[in-house]
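J.: Let's see this in three dimensions:
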Amino acid sequence: GRVAPSHQAARQHKPRRPHSTKARKRKSQRVSDRRQPPLSKSPLQPLHLKIKRPSQAMKLIKRIPASSLHVSEPPPHLFGNEKNDGSNPRWTNKNWLKSRFHFSFAEYHNPKNSMYGVLRVMNDDLVQGERGFGAHPHRDMEIVTYIVNGALTHQDSMGTRETLGRGSVQFMTAGTGVMHSEHNLEADPLRFIQIWIVPRRRGLAPNYGGFDGTTGKWKEARSNSFAQIVGDSEKCASVTGSDLPPPVLINQDVSMHVSELEQGKEASFSLDSNRQAYLLCVEGSMEAQAGSQTEALEQHDAAEVRGNDATLSLNFKATSPSCHILLLEMAKTSGDGRKDF
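T.: The predicted structure is shown next:
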């Protein structure tokens, strides 16, 4: 049964024998031990200290792995193409187009990856034989297309039609508006890097130009060295000190350089103070070095390179039988680039 309240109270208030002096000391020691961190068992045991590592933002080179790029393979009818030709042995991809987006574009929307400086778009496009992009409009953008493999045919509303191959550039000032198409009229695949750069002014007159990089002169220029093929129309001179301007001039403070390295060969590039670069390993693999930092890059990997108050020396070494490099250099900005990793 229940215990009567009076008896219960008596049990609760039953007097206890006082602790001895030794017992009180032991209890006091236990309380004290809980408040103190445990001591090392041996005076020779090292202390484990947390060392704060430098953040990614402090690095001179920030690697953008190929796995972080958005891959887009739109259905063929969206751009006026026939059905995919799955039986064609020359096709290297099941879909007519495979694009790798470096920044937000089309169906890929990432607020933490919208642009880098004035570089708004970089799409690495693989187009299968006898396929392409039907006529579509552009406006207020400097568009630079670098051809990696195959032949790209451009046609626009200004009456221009031109086909160019490896190492060449098709460029266009969209300005107040222009329509153009891009096609692979050959049987073999075509790969090109399309780059959109924000112009320094809006409402420019539309313009198209082409640069043929298949000539012996330009093959030699980019062999085991950097060749500047795009520059600022207002500067009208190569940053390498050449008396002649680069073959492609655009309406923005941007330069573009390319190099094809043989295995074990090296090429260097000087990034001026308060400038930055976006680097793409187009083909092969390499080591990119800035100061004491070295990053290994493979095909489709990219990197953001931010300079400081002094000129920064960049060095690139091919670690595969051949390595193809594209580098865009521009004024330094802050708060942009990849912020999602």
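
J.: Residue 78 in helix, strand or coil?
T.: Under the three-state scheme (DSSP: H, G, I helix; E, B strand; the rest coil), the conformation of residue 78 reads as helix.

J.: Roughly how far does it sit from residue 192?
T.: Residue 78 sits 19 Å away from residue 192, going by C-beta to C-beta, to the nearest Å. The C-beta positions use only the backbone N, C-alpha and C, and glycine is treated the same way.

J.: for residue 88, same thing?
T.: Counting by C-beta to C-beta, the gap from residue 88 to residue 192 is 20 Å.

J.: more neighbours, these two?
T.: More neighbours surround residue 192 than the other of residue 88 and residue 192, with 25 against 12 (other C-beta atoms under 10 Å).

J.: Residue 184 is in contact with residue 154, correct?
T.: No: Residue 154 sits out of contact with residue 184 when judged by C-beta atoms under 8 Å, with a separation of 11.4 Å.

J.: With neighbour numbers in mind, choose between the two.
T.: residue 184 (26 against 19).

J.: what are the bridge partners for the more buried one, then?
T.: residue 131 (DSSP bridges).

J.: That one: what's it in contact with?
T.: With contact taken as C-beta atoms under 8 Å, 6 or more residues apart in numbering, residue 184 is in contact with 127, 128, 129, 130, 131, 132, 150, 151, 152, 153, 190.

J.: which two in those are spaced the farthest apart?
T.: Greatest spacing in these, by C-beta to C-beta: 128 and 153 (14.5 Å).

J.: The two - which one has more neighbours?
T.: Comparing residue 128 with residue 153 by neighbour count (other C-beta under 10 Å), the higher total belongs to residue 128, at 26 against 17.

J.: I'd like the distance between that one and residue 152.
T.: Counting by C-beta to C-beta, the separation of residue 128 from residue 152 is 13 Å.

J.: what residues are shared contacts of those two?
T.: Among the neighbours of residue 128, those also in contact with residue 152 (C-beta under 8 Å, 6+ apart) are 184, 190.

J.: Next, residue 323: secondary structure please.
T.: Applying three-state DSSP to residue 323 yields a three-state assignment of strand.

J.: so where is the stretch 201-341 of the chain shaky, pLDDT-wise?
T.: Along the stretch 201-341 of the chain, segments meeting pLDDT under 70 span 237-244.

J.: Tell me which stretches of it form helices.
T.: Assignment of helices within the stretch 201-341 of the chain using DSSP state H, counting those that start in this stretch yields the ranges 216-221.

J.: I figured residue 61 hits residue 288, correct?
T.: Yes: with contacts counted by C-beta under 8 Å, residue 61 reaches residue 288, the gap being 6.0 Å.

J.: Pick out whichever of these two has more residues nearby.
T.: For residue 61 against residue 288, the residue with the higher neighbour count under other C-beta under 10 Å is residue 288, and the figures read 24 against 19.

J.: in the sheet, who's paired with that one?
T.: Legend: beta-bridge partners of residue 288 under DSSP bridges are residue 295, residue 316.

J.: got the contact list for it?
T.: Residue 288 makes contact with 61, 279, 294, 295, 296, 297, 303, 305, 314, 315, 316 under the criterion C-beta under 8 Å, 6+ apart.

J.: can we see that at 10 Å?
T.: Residues in contact with residue 288 (C-beta atoms under 10 Å, 6 or more residues apart in numbering) are 60-61, 63, 269, 279, 281, 294-297, 301, 303, 305, 314-317, 325, 327.

J.: same thing with residue 287?
T.: Shown here is residue 287, whose contacts under the criterion C-beta under 10 Å, 6+ apart are 266, 294, 295, 296, 297, 315, 316, 317, 318, 319, 323.

J.: so which of the residues you listed comes closest to residue 251?
T.: Each of the contacts of residue 287 was scored against residue 251 by C-beta to C-beta, and residue 316 proved nearest at 28.5 Å.

J.: Return the residues in contact with the closest one.
T.: Taking C-beta under 10 Å, 6+ apart, one finds 226, 259, 261, 265-269, 279, 281, 286-289, 297, 323, 325, 327 in contact with residue 316.
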